[in-house]
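Asks: Kindly generate the corresponding structure for this input.
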Amino acid sequence: MKEEFLELLKSTNREGIDKLIEFIEKTDFFKAPASTKYHGNYEGGLLEHSMKVYELLVQKVQNSPIEINTPAESLILIALLHDICKVNFYKVDYRNAKNEFGEWEKVPYYTIEDTIPYGHGEKSVMMLTEYIKLTSEEKYAIRWHMGFTEPKESYGTLGQAFKKYPVALLVHEADLEATYFFNI
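Replies: Next up is the predicted model:
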């Protein structure tokens with residue numbers, strides 16, 4: 001899956017993509033979980049989640065009731081990198097829990113260590129723009145991929161973003177489906 005991920009990124013031919021890939025390979029992206037306990041909370045979950053979001057986003061664009069003219073390279077960047085903010089974000093810690101025999105033992109679990117407290121979607125956009133230039137559509141889609149899980153005070157702005165760039169709504173849907181239909 002790692003090789004497919006990297007080949008997709010390289011296929012965008014975006015200026016700076018090699019430097020971005022270099023950065024990603026120095027992080028825990030390929031081993032990181034997608035979350036602490038909600039979905040993909042296992043080693044490699046972030047990679048698997050990102051790949052599933054890409055697969056679902058491509059299907060959604062192809063089957064959209066309205067015409068979506070987002071270039072293929074943008075779909076790759078949006079889907080595969082929407083959660084880049086999660087690199088070096090989760091850490092393994094230990095807690096006591098009873099095993100099947102009722103005995104206490106230390107068990108590993110994921111916890112958060114946010115060294116760059118800059119939000120979620122906006123943090124992904126910020127991190128990416130240090131390496132590659134994003135189109136406005138890519139920025140909006142990545143920034144607003146959390147959709148209506150954003151604070152309700154943002155709903156007006158979110159709705160405007162979805163109208164301006166419908167692919168932002170589709171990536172939100174793909175993200176939700178990967179999470180809740182596939183648990184990754």
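
Asks: where do the strands sit along the chain?
Replies: With DSSP state E as the criterion, the chain has strands at 90-98, 104-112.

Asks: pLDDT averaged over the last one, what's the number?
Replies: What that stands for is strand 104-112. Summarised as a single mean, pLDDT over strand 104-112 is 88.

Asks: Stretch 75-85 now?
Replies: On average, stretch 75-85 scores 97.

Asks: Could you tell me how far that stretch lies from the centre of the chain?
Replies: 5 Å (C-alpha atoms, centre = their mean, to the nearest Å).

Asks: cool, stretch 105-125 as well?
Replies: From the chain centre to the centre of stretch 105-125 is a distance of 13 Å (C-alpha atoms, centre = their mean).

Asks: got the buried residues for that stretch?
Replies: Neighbour counts over stretch 105-125 (16 or more other C-beta atoms under 10 Å) mark 110, 120-121, 123-125 as buried. In this view, the C-beta of every residue, glycine as well, is placed from N, C-alpha and C.

Asks: hmm, who's touching that stretch?
Replies: For stretch 105-125, the external contacting residues (C-beta atoms under 8 Å, 6 or more residues apart in numbering) are 33, 35-37, 41, 81-85, 88-99, 126-127, 134, 139, 142-146.
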